[in-house]
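Trainee: I need the structure of the sequence given here:
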Amino acid sequence: MTMKNIDAILHVRGESQFVDDVPVPEGVLYAAVLPSPIACGKITRLDLGAAQEIEGIHGILTADDIPHENQISKDEPVLADGEVHFIGQPIAIVVGNSAETARMAARAIDIEFEELPGIFDAREAYAQGHLINPPYTVSLGEIEKAWPGCDVIVEGEVESGGEEHLYLETQGAFAYVTEMGGVKIVTATQAPRNVQHVAANVLGMPKHNVEVDVLRLGGGFGGKEQATPWAVLAALAAFTLKKPVKLILRRDEDIRMTGKRHPYSSDFKMGLSHDGRILAYEVTFYQNAGAVGDISPVVLRRTLLHSTNSYFIPNVKATGFCCRTNLPSNTAFRGFGAPQAMFVIESAIVKAAEKMGIEASVIQKKNLLQEHDQFPYGMKVENSQARRCWEHAEKAYHIDTLRQNVQDFNHRHAFQKKGLALMPICYGISFACDIFLCQASALLHIYMSDGSVSVSIGAVEMGQGLNMKIRQVVSNIFSININRIKVESTNTTRVANASPTAASYSTDLHGNATRLACEKLLNRLKEFAAKQLNTPHPQDIEIKNETVYMCGKPTGLTWEKLVFDAYFHRIHLSAQAYYTTPDIHFDQKQFKGSPFAYHVFGTALIEVTVDCLRGTYQVDAVKVVHDFGKSLNPLVDRGQTEGGIVQGLGWMTLEELVYADNGRLTSDTLSTYKIPDMYFAPQDIQIHFLENSENPQGLFNSKAIGEPPFVYGIGVYFAILQAMKAFRPDVHTTFSAPMTPEKVLLSLYDKYSFSDIKLHT
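Mentor: Numbers count the residues shown, from 1 in each chain. Predicted structure coming up:
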């Protein structure tokens, strides 16, 4: 059977439709947002007169024009009401004949402020008591009693920066009023239910009067969980003016007005035995949440759950503070807080190895998780592949030869140095602490005239291959050609109360719901076929390659004929199914439980070459052994792995968010914010699928793939650091990501002038 990914074909041809491609009716209006130009203050004057008189303007809406609740979440208004808390906060929405006219009118609004001091640093916010919620703590063993027994103790500070999502499709929505006074919203969101819920509350109408439809996203990476404000603003304008309204952010607006990956500032303390066994680990995370809570507390909780990465440590204490600052609300991003935690523990290991005079890989390998080891949150490891992935990577990629090659290169080259680092990962799959989100529904229809199948689920296709895998589930169970199967747009009227498409868990959840619906229909069809073929045993019936078999022999009855006949015998050809993740639980107060369906493991080898005169570097190779389980679609999974790796490399190297002292983002264009391109991407990316890895908890024994590979990119930081030390053995070791070329250069020559170079090569 053909397994072509329809979305990929449409993308290549330029035929894929996104929000801005949806045909709009004549008379559609266009909206623009008036953003706050200051980070903190009170609005003392707001005069709309001059803007309202501009030709082509149909309306300007402020907080006073909201019909019901001016609230996205408990601490986030739709439109600022008297106060502003970050640069870019929406104050008004302007609607005109064109987006350009609306933006011109927004600039004409006369607004004055009483500006107040802003806070932009997480530690400063913590010191002043500006917290979103009380701190979280997870612990295992007895940390204070463990320190006296440690032979080596290291302490340090780690900084990890934010990261811009930079999805290809910017935030946007199109809304119009329906009959009976409802609204329909076509939007780019990972969370249609959230858009429906907030829009209904803002407009003061029941949820069933708000229909949200998502065809696909032009990228999400977590950032489209923050699509709700823009969809609700479009709906508010359409509802108020009784005209269809489109709101599409320009790239610069999107970058300035939306949240990023959370920057973290962290302190660690690690204790080890002489042989490299980690005995104790204490870490404190200061998360920069931004101005409102959004989902920052949820992200922070996952940070704590992944505080020990792929290692067993008997004594652990991890504490997280969710700090309120005057930046746009930081939000979900691929990895969802786990990468920030893993960067800290890997930094602690590197510092310990440096103090002990050994390779970091010695400590890494010695402490890898084994079967039945306990995580700090109480769950025990099952089907651990941590050590298998590590050892397979060592063997498959000839680690000893690679190390020797690095040494030989460094010996031959004075001003270019290579570095090599290993990065093991362990990533938990599910919605973690929020167990209630681990549910999904699916709705299937088989059409009687041709046997084609329609599938509706609550998850959103955003380039991760979800729809392709859903089609594969249907194709495999019915044993029909995949071209017969269509996955519909995600719509709140077909599948209600859907969880966000996030946590790398949508294929598992919605795939299993689809599987259950298919099995219901298949059983009906088998029972009907058994009657038609005069056998009392439906179990004798099997469908293979669109042919009905009885007792292993073809009957001449085809899939199309079977479905056609079933309809005329009044056999129901639709089914709905519901799936929840079994055997998971979590106590939020105790921070203990089994929050994950399973864990994903893997090991990466990252090799870099640093130009020590210029500070520039090239990622030569990333070689991975990854635990895919039994992959549903190796091509899709390989693509997701490669994409995640490159995105992780970007976070650790090039992607630096720069803010002015007043909180204004200065790296707000593609000329000032750099992401990995084809020239930066590793010359060699190798992905090895770990063999003989079954996963009974996954869909058809597969494992989730969206987020875990991102974490491999962390290893590039330590590979660069190793290369720097090959050039300057006494270079000061700091842990502050991203490691931009400027940081490399300044670090290498912090204590030396250029005239000293020859003395130290």
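Trainee: residues touching the closest residue to S307 other than its chain neighbours, list them.
Mentor: Nearest non-adjacent residue to S307, counting by Cβ to Cβ, 6 or more residues apart in numbering: A318, 4.0 Å away. In short, each C-beta sits where N, CA and C put it, glycine included. The contact partners of A318, taken as Cβ atoms under 8 Å, 6 or more residues apart in numbering, are T137, V138, S139, E282, V283, T284, F285, L304, S307, A341, P376.
Trainee: Generate JSON lines for these, with secondary structure, neighbour count and pLDDT as supplementary columns.
Mentor: JSON lines is the format used below for the contacts of A318 (DSSP: H, G, I helix; E, B strand; the rest coil; neighbours: other Cβ atoms under 10 Å; pLDDT from 0 to 100):
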{"residue": "T137", "secondary structure": "strand", "neighbour count": "13", "pLDDT": "98"}
{"residue": "V138", "secondary structure": "strand", "neighbour count": "22", "pLDDT": "98"}
{"residue": "S139", "secondary structure": "strand", "neighbour count": "17", "pLDDT": "98"}
{"residue": "E282", "secondary structure": "strand", "neighbour count": "22", "pLDDT": "99"}
{"residue": "V283", "secondary structure": "strand", "neighbour count": "23", "pLDDT": "99"}
{"residue": "T284", "secondary structure": "strand", "neighbour count": "19", "pLDDT": "99"}
{"residue": "F285", "secondary structure": "strand", "neighbour count": "29", "pLDDT": "99"}
{"residue": "L304", "secondary structure": "helix", "neighbour count": "27", "pLDDT": "98"}
{"residue": "S307", "secondary structure": "coil", "neighbour count": "29", "pLDDT": "98"}
{"residue": "A341", "secondary structure": "helix", "neighbour count": "28", "pLDDT": "98"}
{"residue": "P376", "secondary structure": "coil", "neighbour count": "25", "pLDDT": "98"}
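Trainee: Of these, which is the nearest to R216?
Mentor: For the contacts of A318, the residue nearest R216 by Cβ to Cβ is A341; the value is 31.3 Å.
Trainee: ok, that closest one touching S307?
Mentor: Yes - the criterion here is Cβ atoms under 8 Å, and A341 meets it with S307 at 4.7 Å.
Trainee: Now do the shared contacts for the two.
Mentor: Common contacts of A341 and S307, defined by Cβ under 8 Å, 6+ apart, comprise V283, A318.
Trainee: picking that back up, which strand residues bridge the residue nearest to S307?
Mentor: When bridges are called by DSSP bridges, A318 pairs up with V138, V283.
Trainee: Return the distance of it relative to P376.
Mentor: According to Cβ to Cβ, to the nearest Å, A318 stands 7 Å off from P376.
Trainee: shared neighbours of those two, anything?
Mentor: Counting by Cβ under 8 Å, 6+ apart, the shared contacts of A318 and P376 are V138, S139, L304, S307.
Trainee: Save these as a markdown table, and put in distance to G149 too.
Mentor: Formatted as a markdown table, the shared contacts of A318 and P376 follow (distance: Cβ to Cβ, whole Å):
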| residue | distance to G149 |
| --- | --- |
| V138 | 22 |
| S139 | 17 |
| L304 | 24 |
| S307 | 21 |
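Trainee: which SS class is the residue of the chain positioned farthest from its centre?
Mentor: Most distant from the centre of the chain: N534, at 52.6 Å, with distances by Cα atoms, centre = their mean. Taken by DSSP: H, G, I helix; E, B strand; the rest coil, the conformation at N534 corresponds to coil.
Trainee: And the pLDDT for it?
Mentor: For N534, the pLDDT comes out at 95.
Trainee: go on, Q683?
Mentor: For Q683, pLDDT reads 89.
Trainee: now the one 5 residues further on
Mentor: In this prediction, H688 carries a pLDDT score of 98.
Trainee: Validate this expectation: V622 resides in a strand.
Mentor: Yes - according to three-state DSSP, V622 belongs to a strand.
Trainee: start the count at 24, not 1, going forward
Mentor: From this message on, residue numbering opens at 24, which makes the last subject V645.
Trainee: is it in a bridge, and if so with what?
Mentor: Judged by DSSP bridges, the bridge partners of V645 are I629, I708.
Trainee: measure it to A627 for me?
Mentor: From V645 to A627 the distance is 6 Å (Cβ to Cβ).
Trainee: residues shared between the contacts of those two?
Mentor: Common contacts of V645 and A627 (Cβ under 8 Å, 6+ apart): I668, Y735, G738.
Trainee: Kindly reformat those as JSON lines containing secondary structure and distance to G481.
Mentor: JSON lines is the format used below for the shared contacts of V645 and A627 (DSSP: H, G, I helix; E, B strand; the rest coil; distance: Cβ to Cβ, whole Å):
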{"residue": "I668", "secondary structure": "helix", "distance to G481": "29"}
{"residue": "Y735", "secondary structure": "helix", "distance to G481": "30"}
{"residue": "G738", "secondary structure": "helix", "distance to G481": "35"}
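Trainee: just the residues you listed now: which is nearest L580?
Mentor: Among the shared contacts of V645 and A627, I668 lies closest to L580 (Cβ to Cβ), at 48.1 Å.
Trainee: wait, what's in contact with the closest one?
Mentor: Going by Cβ under 8 Å, 6+ apart, I668 touches A627, V645, V647, P705, I708, P732, F733, Y735, G736.
Trainee: Now with 10 Å, please.
Mentor: 627, 629, 642, 645, 647, 649, 699, 704-705, 708, 710, 732-736, 738-739 (Cβ atoms under 10 Å, 6 or more residues apart in numbering).
Trainee: can you count the residues close to the residue lying closest to H560 once chain neighbours are set aside?
Mentor: Using Cβ to Cβ, 6+ apart and skipping the chain neighbours, the partner closest in space to H560 is A553 (6.5 Å). Per other Cβ atoms under 10 Å, the neighbour tally for A553 reads 17.
Trainee: So, low pLDDT: which residues of this structure?
Mentor: Residues of the chain meeting the criterion pLDDT under 70: 24-26, 774-784.
Trainee: Tell me which residue is most central in it.
Mentor: In the chain, the residue lying closest to the centroid (Cα atoms, centre = their mean) is R357, at 2.6 Å.
Trainee: In a strand, it, correct?
Mentor: No - with three-state DSSP as the criterion, R357 is located in coil rather than a strand.
Trainee: Do I have it right that it meets Q213?
Mentor: No - applying Cβ atoms under 10 Å, one finds R357 not in contact with Q213, separated by 11.7 Å.
Trainee: Need the residues touching each of the two.
Mentor: Both R357 and Q213 are contacted by G243, F244, G245, G246, A525, under the criterion Cβ under 10 Å, 6+ apart.
Trainee: all strands of the stretch 274-423 of the chain, in order?
Mentor: Remark: strands assigned in the stretch 274-423 of the chain by DSSP state E, counting those that start in this stretch are 287-295, 301-313, 338-347.
Trainee: Tell me which of these approaches L677 most closely.
Mentor: Smallest distance to L677 across the strands of the stretch 274-423 of the chain (Cβ to Cβ): 18.6 Å, for strand 287-295.
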